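Participant: Kindly generate the corresponding structure for this input.
(2 chains)
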Number of protein chains: 2
Amino acid sequence: MDHKAQASPLTNTSNNEINQSRRNLLVGSAGAMAAVSLLGFTPIAKAAEAKTLPEYTRWKEASALIVHSANTMETERGAIGSGVVTPSDRLFVRNNLSAPSEEITSDPDAWEVNIEGVQNPRTLTVAELKRLGAETVASVLQCSGNGRAFFPHGASGTQWGVGAAGCAVWTGVPLKDVVSELGGMADGMKYITGTGGEKIPDGLEPKSVMVERSVPVSALETALLAWELNDEAIPLAHGGPLRLVIPGFYGVNNVKYIKNLAFTESQTDAKIQVSGYRVRDVGVSGSPDQPSMWEMNVKSWVTAPLENASTGRAMIYGVAFGGVKALEKVEVSTDGGSNWKQARFLGPDLGPYAWRPFVLAADLNAGEYRIVSRATDVDGDAQPEGRTDNERGYGHNGWKDHGVTVQVM
Amino acid sequence: MDHKAQASPLTNTSNNEINQSRRNLLVGSAGAMAAVSLLGFTPIAKAAEAKTLPEYTRWKEASALIVHSANTMETERGAIGSGVVTPSDRLFVRNNLSAPSEEITSDPDAWEVNIEGVQNPRTLTVAELKRLGAETVASVLQCSGNGRAFFPHGASGTQWGVGAAGCAVWTGVPLKDVVSELGGMADGMKYITGTGGEKIPDGLEPKSVMVERSVPVSALETALLAWELNDEAIPLAHGGPLRLVIPGFYGVNNVKYIKNLAFTESQTDAKIQVSGYRVRDVGVSGSPDQPSMWEMNVKSWVTAPLENASTGRAMIYGVAFGGVKALEKVEVSTDGGSNWKQARFLGPDLGPYAWRPFVLAADLNAGEYRIVSRATDVDGDAQPEGRTDNERGYGHNGWKDHGVTVQVM
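Facilitator: Modelled structure (predicted):
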């Protein structure tokens, strides 16, 4: 099936409604962005009502976000754009516990983090960390459950579509510089264990709700203790004053408001590690012998057009990333996966942990099109067609479910 | 003279006031940023009073900007940060004429640009341009007179310090794709001439004030007709709905609200080209035989610390760029240029037209330090020590004047 139109892209002089809508959506978003998206979203993941943002995220662009709850907001697919960096005011939010008081960001340099499992353990302020080193890394931040809405078994948890992800630029001190300053790691340590500074709700067993995650100590090579997001002090909603950043790892491992960082022999016994964020078959309970949501897998999705387009030339945009690996290529199909064409990466390459926007020009006649994208990383791993059904709906990177159906008129 | 302290960076436990101030300045700038910078600025370039932003720039961060006039606002040195991209709300503004009505950005895709000097001249809407191609380029935007405040002869014009510059990400259609669509360039054309859509004030001879600039046609290789800045529709203040972007060229060549783009045999006879933006000796009038402000030269400056720092380890930050050429290195001196150390580039490389933030750790005892930076491009061209005095104070890239004097206590 070949939907190519014969016309030059200029033959059809009507506007490209999709692009127009997307641009309108974004117009003036640096200031007052009142317009509501005309694009909508894959209905399955569309949050019903409220655009009212909770106080700690009030500075964000309401029209760019789907508010699932006070602790969960995803970026509208049509607001993801084709940029190499996701503007902070459009970046998704997911907090496992309520955020601490805004007061903790009033004097970021005074925030303290305790470092353990090193030769000379001690507490350091952010001001002190800033003297130890600095690095800037672009990395995709993505919730483990991004794409959960596409699982047919009704996986519990926030029904994320594609927008629980963004590409962020983090600045902080390389964790290995901190370790070096403190005499090196203690012997026999196998994990980096970070603890968040959220208040534990009264009456709950701390271990049952605390945000404390362990990742393999090999992540020391790239981990940062970060104080800036997109060249600004990290806002409270994104974990400021200080966040552990593990490039290429799922969001939950990037512990917000980090107050304790330990090199440990074992993984933490907090519930979020022991049974949470574990991939297992539908109906099975979480346990430590199951894979933990650490490194992200290769993934991509289309961001425009979404629902409608004019006949003639359409520019198909999307974003793609390889987790801890750089990308080799992205292919796009306008016929649901029967025929593929290689898309072109758009803009500068911000490194292996960043996403790459992509674009493909396609000439489309009137009709319905199923547009899908498929990324392949440098090791040759490509997105699968289907999904791996799992109890909590984690790690979905199947290209079929992530496509869009577009009416060309 | 060696100011190295013997102490570990952690020995001195007092805060690093400079970093703290800078971070405080930026805290929450995505939302309400009320704090006024404690950093100040090199006094020579400090605008006296008003922080009131003109209406078309009201969405910007007032505390990050020095307002010289309704058409000229520069970024505070302390707000430049160490990011690979300058957030739009901190980016400087310089309009040669008052901006058009905000209405022109209400439907960006309807904006029309007339293309001449091609085989098949015609008018294209932004919607049509969006079907012809897309590219994303990071490029430094800098006013020709950035650094004018450092000239001792009192060059007329806005007294820019270092902040009439930023690194912006532009998305648009490669101009060569437009030319190709229109049958190629007409024969014998030597310049790309762009005309801005500003209203000519009543009673003035249009050629005497209009923004119409010519650049060598070789710029066709990299030029864009851009509709996005930092992944949002270009705001009015920065030339939206459509701006001509000539990567690596001074700001004036990046024509805002572009309404006519012509390939021409000669340079335009508009005053801004004939006698404006010409480099000549002090006291000499502008004329076409003098160099025009086209490609930018290699340049850098320190962004932190600025006035004060604590004894011990200081992280010296700055930005550097090579105009149309990539950088080879940046060196930093804390003794006014007697001794130099190579700084480290910070963060991903966004390509040859982008700037590179840099950082150098220096251990400083109490005392006064003159901190300067010197960039060298891939062809081995380095910033000079001094300045080339010229009537209008253009193109200043001497490292000596751009340094900062810091009291370490």
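
Participant: Point me to the residue of the stretch 151-300 of chain A nearest chain B.
Facilitator: Proximity of the stretch 151-300 of chain A to chain B (CB to the nearest CB) peaks at A:Asp231, 2.8 Å away. In this view, the C-beta of every residue, glycine as well, is placed from N, C-alpha and C.

Participant: ok, now how distant is that residue from A:Trp340?
Facilitator: 37 Å (CB to CB, to the nearest Å).

Participant: the more surrounded of those two?
Facilitator: Counted by other CB atoms under 10 Å in any protein chain shown, A:Asp231 and A:Trp340 do not tie: A:Asp231 has more neighbours, with 23 against 17.

Participant: now the strands for the stretch 51-200 of chain A?
Facilitator: All strands of the stretch 51-200 of chain A, identified by DSSP state E, counting those that start in this stretch, fall at A:65-69, A:72-75, A:93-94, A:112-116, A:122-125, A:135-142, A:165-174, A:191-196.

Participant: With distance to B:Gly276 and mean neighbour count as extra columns, can I get those in a markdown table?
Facilitator: Formatted as a markdown table, the strands of the stretch 51-200 of chain A follow (distance: least, CB to CB, whole Å; neighbours: other CB atoms under 10 Å in any protein chain shown):
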| stretch | distance to B:Gly276 | mean neighbour count |
| --- | --- | --- |
| strand A:65-69 | 45 | 21 |
| strand A:72-75 | 44 | 26 |
| strand A:93-94 | 48 | 24 |
| strand A:112-116 | 54 | 18 |
| strand A:122-125 | 52 | 17 |
| strand A:135-142 | 38 | 25 |
| strand A:165-174 | 37 | 25 |
| strand A:191-196 | 57 | 24 |
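
Participant: Which one of the ones you listed lies nearest to B:Thr311?
Facilitator: strand A:122-125 (16.6 Å; CB to CB).

Participant: what about the closest one, near chain B?
Facilitator: Yes: residues of strand A:122-125 contacting chain B under CB under 8 Å from any CB of the partner chain: A:124-125.

Participant: okay, and for chain A, where does confidence drop off?
Facilitator: Applying pLDDT under 70 to chain A flags the ranges A:1-51.

Participant: go again using 90 as the cut-off
Facilitator: Along chain A, the parts satisfying pLDDT under 90 run over A:1-52.

Participant: before we move on, the earlier item: do you know which of the strands of the stretch 51-200 of chain A lies nearest B:Glu102?
Facilitator: That would be, of those and by CB to CB, strand A:65-69, which comes in at 25.0 Å.

Participant: what pairs with the closest one, and is each one parallel or antiparallel?
Facilitator: Note on strand A:65-69: by DSSP bridges, its sheet partners are strand A:72-75 (antiparallel).

Participant: quick one: contacts for the residue in the stretch 251-400 of chain A that chain B sits nearest to?
Facilitator: Nearest residue of the stretch 251-400 of chain A to chain B: A:Gly347, at 3.0 Å (CB to the nearest CB). By CB atoms under 8 Å, 6 or more residues apart in numbering or on different chains, the contact set of A:Gly347 is A:82-84, A:356-357, B:135-138, B:169, B:171.

Participant: how about the nearest residue to it, chain neighbours excluded?
Facilitator: B:Thr136 (3.0 Å; CB to CB, 6 or more residues apart in numbering or on different chains).

Participant: Kindly report the same for A:Ala70.
Facilitator: A:Pro54 is the one closest to A:Ala70 (CB to CB, 6+ apart), at 4.3 Å.

Participant: Check A:Ser373 too.
Facilitator: A:Ser300 (4.5 Å).

Participant: which residues touch the one you found?
Facilitator: A:318-321, A:330, A:358, A:373-375, A:383, A:399, A:402.

Participant: Surely it is in a helix?
Facilitator: No: counting by DSSP: H, G, I helix; E, B strand; the rest coil, A:Ser300 is not found in a helix; it is strand.

Participant: beta partners of it?
Facilitator: Assigned bridge partners for A:Ser300, using DSSP bridges, are A:Ala320.

Participant: Surely A:Ala233 is in contact with A:Pro241?
Facilitator: Yes: assessed by CB atoms under 8 Å, A:Ala233 is found in contact with A:Pro241 at 7.0 Å.
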